[in-house]
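Colleague: Sequence and predicted structure are below.
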Amino acid sequence: MPYSLIHNGTLIDGTGKPPIRNAAVLIRNKQIISAGPKNSIKLPETSKMKMIDANDGFILPGFVDAHVHIMANGFHREDIIYKPLSLYFYNAIENMRLTINAGVTTVRDAGLADAGVKMAIEQGLILGPRIQISVTPLSITGGHFDLWLNSGYDIKTSYPGYPDSICDGLEEVRKKVREVLRAGAEVIKVMVTGGVMSVNDGPESTQFTVEELKVIVKEAEYKDGIKVMAHAHGVQGMKNALKAGVHSIEHGTYLDEEAIHMMLENKTYLVPTLLVNKNNMERAKRGEVREWEVESALTVFDIQKENIKKAYRAGVTIALGTDCGVLSHGRNLEELSLLQDIGMTPDEAIVAGTKTGAECLGWQDKVGTVEEGKFADIVISKTNPLEDIKSLGNPDNIVMVIKDGTIVKDMRET
């Protein structure tokens, strides 16, 4: 069995424990065999040992982004009119390359990636992060994923393997969950409010009733314990989702004290995606957003940042997510410095982007920390993220990425 030994680096293992200097990680095939101080690693008796020099860098787990859209590049509605469907899949190849080069080896796709995309990665046909798919986000008629325009033009996309999003009423939502699960969804995504950049609704618009959401959660849970992630900006939609028992709240912009208390009671994950709202604000200031997007884009980030700060201080469990796909791919780890801005220490931000992210996906036994038995998904940074967490947001500082024990990026100086 082929072995690899990463050495000559400082290990930040993703558990929140203190860093280990002069550390080593022993890998066999796709799996971590042991990790810790180099002198504590029992090396196998073999001449077939690949030595990987970290060059005094910092050894971290592959990061987990719990909210991406790997198939998207901006969500411009006019693109759906003019671009052939197949082009989205070819563009996704570059999106996935940028993601893994940024140090993100696992993602939860929040809509659009189908079962074929996941299979292509797993079969090695394309390079990409390990992916958990939701396939189609669920939306009410007139909701955040209803792309019907007032002109009467409907630009929705559906095809075999990608069911239509729209469902209304108890029986329709039950059937839609079943359709999406049949299409291979590993998590159900539901739009419980409008969006910041929507043409037909606003971020505080409440969508789906509590009764409908309870059916969605129950139906997903009945099928092998599948969880539900809820796109939620407005607080009433958020509370409806929490009453129904969703697993995670995405965005959480208008959180209030009651919603925070409900999240703590339910042990609900919060995936803030601060980066996308910061990006939207910056684009609005440059005049790069459309007329109906300006007001929300200019105001939402500051509101969200303060409310997420309150949630963090209260003890809500926060996992890193970015909404890359709405913004450019490969910027994922810029989110870490924004987590620091809401009060996290650099180490806490790293845990949010590794261990907690893996737990949010239910994959904590596979990824998220550099520990014995986990998949060998490892990142080496040439900068010290505990001193400068912002440095991880620059992919040039990620000098090596290993996924499943295989080096997929190597920019070390030799």
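Modeller: Looks like it arrived, so ask away.

Colleague: Just the element for Met263, please.
Modeller: In the assignment (DSSP states H and E), Met263 maps to helix 257-266.

Colleague: tell me which residues of that helix are tucked away?
Modeller: 259-260, 262-263 (16 or more other Cβ atoms under 10 Å). To be clear about C-beta, it is placed using only N, CA and C from the backbone, and glycine gets the same treatment.

Colleague: helices and strands around the top strand by length along the chain, which ones?
Modeller: Taking DSSP state E as the criterion, the chain has its longest strand at strand 49-61. Judged by 3 or more Cβ pairs under 8 Å, 6 or more residues apart in numbering; DSSP states H and E, strand 49-61 is in contact with strand 3-11, strand 378-381, strand 398-403.

Colleague: ok, and what's touching the helix holding Met263?
Modeller: Around helix 257-266, the neighbours that count as contacts under Cβ atoms under 8 Å, 6 or more residues apart in numbering are 235, 238-239, 242-243, 245, 249, 252, 268, 270, 310-311, 314-316.

Colleague: could you flag which of those are buried?
Modeller: With neighbours counted by 16+ other Cβ under 10 Å, these contain buried members at 235, 238-239, 242, 245, 249, 252, 268, 270, 311, 316.

Colleague: Tell me which two in those residues are the farthest apart.
Modeller: Greatest spacing in these, by Cβ to Cβ: Gly245 and Ala311 (18.4 Å).

Colleague: which stretches of the stretch 301-414 of the chain form helices?
Modeller: Here the stretch 301-414 of the chain has its helices, by DSSP state H, counting those that start in this stretch, at 335-341, 346-352, 355-361.

Colleague: one step back: now the helices and strands packed on strand 49-61 as a markdown table including mean pLDDT, distance to Asn55 and mean neighbour count?
Modeller: Shown next, in a markdown table, are the helices and strands packed on strand 49-61 (pLDDT from 0 to 100; distance: least, Cβ to Cβ, whole Å; neighbours: other Cβ atoms under 10 Å):
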| stretch | mean pLDDT | distance to Asn55 | mean neighbour count |
| --- | --- | --- | --- |
| strand 3-11 | 97 | 7 | 21 |
| strand 378-381 | 98 | 8 | 27 |
| strand 398-403 | 98 | 8 | 24 |
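
Colleague: now those in CSV, with distance to Pro163?
Modeller: Below are the helices and strands packed on strand 49-61 laid out as CSV (distance: least, Cβ to Cβ, whole Å):
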stretch, distance to Pro163
strand 3-11, 42
strand 378-381, 35
strand 398-403, 30
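
Colleague: And those: which comes nearest Gly116?
Modeller: strand 398-403 (19.8 Å).

Colleague: Which parts of the protein belong to which domain?
Modeller: Structurally, the chain divides into domains by automatic domain parsing as follows: 3-61+369-410, 63-361.

Colleague: Out of the helices and strands packed on strand 49-61, which gets nearest to Val190?
Modeller: strand 398-403 (29.9 Å).

Colleague: if you take the average position of the chain, which residue is closest to it?
Modeller: By Cα atoms, centre = their mean, the chain has its centre lying nearest to Ala66, at 2.2 Å.

Colleague: Excluding sequence neighbours, find me the nearest residue to that one.
Modeller: Closest residue to Ala66 apart from its sequence neighbours, by Cβ to Cβ, 6 or more residues apart in numbering: Gly321 at 4.2 Å.
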